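>>> What follows is a protein structure lacking sequence information:
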């Protein structure tokens with residue numbers, strides 16, 4: 001019985017750690033996607049700028065990530081005058097020290113503007 005426990009316990013512990021790390025990864029991706037969507041919403045408004053979109057995404061990631069999405073980086077590189085594109089990336093908390101796990105999400109949408117019928 002003791003030998004069986006000694007063999008199975010590390011495997012069960014590994015499965016639990018993988019399940020927890022998967023949950024952390026999923027949460028980090030969700031925060032990154034929500035931050036990108038928040039940036040797009042802020043940047044789509046009439047008269048808004050890509051700077052405003054990037055700041056909104058950065059603020060959201062900092063507020064909602066609560067340390068789980070570390071060093072969030074926001075990019076609006078593929079934005080144009082008619083379309084806003086926000087890319088959020090960062091690293092999530094890793095249960096294995098020294099092993100960084102990166103997440104990345106992006107969102108885009110048309111910029112609101114007045115047009116003639």
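Structure received. Model, not experiment: these values are computed from the prediction. Residues are numbered from 1 along each chain as shown.

>>> Name the helix or strand of this structure that has the lowest mean pLDDT.
strand 69-75 (a mean of 88; mean pLDDT, DSSP states H and E).

>>> Give the next helix or strand downstream of that one.
Once the chain leaves strand 69-75, the next helix or strand it forms, by DSSP states H and E, is strand 83-92.

>>> Mind listing what's buried along that following strand?
Neighbour-count burial for strand 83-92, with 16 or more other C-beta atoms under 10 Å as criterion, is recorded at 84-92. In short, each C-beta sits where N, CA and C put it, glycine included.

>>> Show the subsequent helix or strand relative to it.
From strand 83-92 onward toward the C-terminus, using DSSP H and E, the following helix or strand is strand 101-110.

>>> how far out from the middle of the chain is that next one?
Offset of strand 101-110 from its chain centre (C-alpha atoms, centre = their mean, to the nearest Å): 7 Å.

>>> again, but for stretch 11-23
Distance of stretch 11-23 from the chain centroid (C-alpha atoms, centre = their mean) equals 21 Å.

>>> Now tell me what touches that stretch from outside.
Applying C-beta atoms under 8 Å, 6 or more residues apart in numbering, the contact partners of stretch 11-23 are 94-95, 101.

>>> so what's the spatially most central residue of the chain up against?
In the chain, the centroid-proximal residue (C-alpha atoms, centre = their mean) is residue 32; its distance is 1.6 Å. Contact analysis of residue 32 by C-beta under 8 Å, 6+ apart lists 61, 69, 72, 88-90, 103-105.

>>> re the thing from before, tell me which residues of the least confident helix or strand of the chain are tucked away?
So, applying 16+ other C-beta under 10 Å, buried residues of strand 69-75: 69, 72, 74-75.

>>> what sits against residue 41?
Applying C-beta under 8 Å, 6+ apart to residue 41 gives the contacts 56, 109.

>>> Quick check: it vs residue 78, distance?
Per C-beta to C-beta, to the nearest Å, residue 41 is found 17 Å from residue 78.

>>> on that earlier part again, from the contacts of residue 32, which shows the smallest pLDDT?
For those, the model is least confident at residue 69; its pLDDT is 83.

>>> partners of that one in the sheet?
Taking DSSP bridges, one finds residue 92 as the beta-bridge partners of residue 69.
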